[in-house]
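[1] have a look at this fold, sequence not included:
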């Protein structure tokens, strides 16, 4: 079975995605699959074979080598950010009827939009921070924001990952810099109240047709919050299992499953919560979580005692079982 392991992307997360792709290539069972390394980057789409680049034909997602057209049976998608985590590639693969791992294009687009995700989850009584949604060009009154949300608060791009463009504002003197930082990533931003508590990250997936929690990881950041440096440059301690009571753990697990189901998830996901006064408050969900050796999801798989190759087998089976939306 020809498997396209797709990595890269058009955002600053592409470097992390390329590492995730290498982990997948290393763990695919080569007695079952013939994996191909596919880079989707701003400079082009290519299959990489022995450091040679072979252009991908965007009409049908094939490539040609030695006058032979190579087709794929399934795509394993590990592109973080746009276009692989926001629904664009998923919609493209749907149109050419090529099976792919992870959730469908609608769920990808929905969950990449923080405001819309929070709006959906509000119907399911899942606790979250107070928030204000603003667009570039709106009149922004810091005094009103502080009165409504309190200080400190967070300023976030509405659509971005890996904490890119996120700032904690401790005083209104810091607001303009935080706005500029967030608007550099997206034209829409979310300003959220600060939740003081324990941050936990929860890996959830559909494993053997059952929504399964891999584990709970407690995040202890050396920085003010779990920012890009903390996530990828060793500026945090990640403790699995999280140091919380059994009652709180059960509540986090239940809430993570409920969020996964409410959002219509299918594949790998990592959901972040702040546990405040024993109650998990939803922060965000990642539908293409990082899979580099430093990432949380592989650590949780190891904790759960599930070989990563088994998780990949499961993802590919789910992908092959899916049908294009209009054929259901």
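    Alright, I've got the coordinates. What you see is a predicted model; the values in this text were computed from it and never measured.

[2] ends of stretch 180-199, how far apart?
    Stretch 180-199 has an end-to-end distance of 26 Å (criterion: Cα to Cα, to the nearest Å).

[3] go ahead and confirm residue 105 touches residue 94.
    Yes. Between residue 105 and residue 94 there is a contact at 6.0 Å, judged by Cβ atoms under 8 Å. For every residue, glycine as well, the C-beta is placed using N, CA and C.

[4] what does the longest strand seen in the chain contact?
    Longest strand in the chain by number of residues (criterion: DSSP state E): strand 210-221. The contact list for strand 210-221 (Cβ atoms under 8 Å, 6 or more residues apart in numbering) reads 198-206, 226-227, 230, 235-244, 249, 252-253, 256-257, 260-261, 296-297, 299-301, 303-304, 306.

[5] which of those are buried?
    198-206, 226-227, 230, 236, 238, 240, 242, 244, 249, 252-253, 256-257, 260, 296-297, 299-301, 306 (16 or more other Cβ atoms under 10 Å).

[6] so which of the residues you listed are in helices?
    Secondary structure from DSSP state H places 230, 249, 252-253, 256-257, 260, 296-297, 299-301 of the buried ones among the contacts of strand 210-221 in helices.

[7] show me which pair in those residues is furthest apart.
    230 and 257 (26.3 Å; Cβ to Cβ).

[8] I'd like the average pLDDT over the helix or strand hosting residue 315.
    Here residue 315, judged by DSSP states H and E, is contained in helix 308-321. For helix 308-321, mean pLDDT is 96.

[9] next, the angle strand 210-221 makes with it.
    130 degrees (axes from the mean of the first three to the mean of the last three Cα atoms, to 10 degrees).

[10] contacts for helix 308-321 next, please.
    1, 3, 23-24, 27-29, 32-33, 73-76, 99-102, 205-208, 266-268, 298, 301-302.

[11] drop anything exposed from the residues you listed.
    3, 23-24, 27-28, 33, 74-76, 99-102, 205-207, 266-268, 298, 301.

[12] in helices, which of the residues you listed fall?
    Using DSSP H, the buried ones among the contacts of helix 308-321 in helices are 23-24, 27, 298, 301.

[13] tell me who's in contact with the spatially closest residue to residue 127 that is not a sequence neighbour.
    Among residues not flanking residue 127 along the chain, residue 281 sits closest, at 4.6 Å (Cβ to Cβ, 6 or more residues apart in numbering). Residues near residue 281 by Cβ under 8 Å, 6+ apart: 127-129, 195, 197, 273-275.

[14] which of those tops the neighbour count?
    Counting neighbours by other Cβ atoms under 10 Å, residue 273 leads these with 28 neighbours.

[15] ignoring the adjacent residues along the chain, who's closest to that residue?
    residue 280 is the one closest to residue 273 (Cβ to Cβ, 6+ apart), at 4.1 Å.

[16] per-residue pLDDT, the one you found?
    Reading off the model, residue 280 has pLDDT 97.

[17] quick one: secondary structure of residue 90?
    Under DSSP: H, G, I helix; E, B strand; the rest coil, the three-state class of residue 90 is helix.

[18] give me the neighbour count for residue 123.
    Using other Cβ under 10 Å, residue 123 has 8 other residues around it.

[19] tell me the predicted confidence for it.
    91.

[20] which phi and psi does it have?
    Per-residue torsions, residue 123: phi -80, psi -10 (degrees, to the nearest 10).

[21] hang on, residue 285 in a helix?
    No. The assignment for residue 285 (three-state DSSP) gives strand, which keeps it out of a helix.

[22] that one pairs with what?
    residue 271 (DSSP bridges).

[23] for stretch 22-39, how far is the first residue from the last?
    OK, stretch 22-39 end separation, Cα to Cα: 11 Å.

[24] residues near residue 15, how many?
    Residue 15 has 14 neighbours, counted by other Cβ under 10 Å.

[25] tell me the helix or strand right after the helix or strand where it lies.
    Element membership of residue 15, judged by DSSP H and E, is helix 14-27. Of the helices and strands lying after helix 14-27 in sequence (DSSP H and E), the nearest is strand 34-41.

[26] how about that next one: buried residues?
    35-40.

[27] identify the farthest-apart pair in these.
    35 and 40 (15.7 Å).

[28] show the pLDDT at residue 223.
    pLDDT, residue 223: 60.

[29] quick revisit: tell me how far the longest strand of the chain lies from the chain's centre.
    Chain-centre distance of strand 210-221: 14 Å, with Cα atoms, centre = their mean, to the nearest Å.

[30] check stretch 3-23 too.
    12 Å.

[31] now swap in stretch 287-299 and tell me
    Worked out by Cα atoms, centre = their mean, stretch 287-299 lies 9 Å from the chain centre.

[32] if you rank every helix and strand of the protein by mean pLDDT, what lands last?
    helix 228-232 (a mean of 51; mean pLDDT, DSSP states H and E).

[33] in the stretch 101-250 of the chain, where is pLDDT below threshold?
    Applying pLDDT under 70 to the stretch 101-250 of the chain flags residues 161-162, 223-235.

[34] just the strands in it please.
    For the stretch 101-250 of the chain, the strands defined by DSSP state E, counting those that start in this stretch occupy 131-135, 153-157, 167-169, 188-193, 198-207, 210-221, 236-239.
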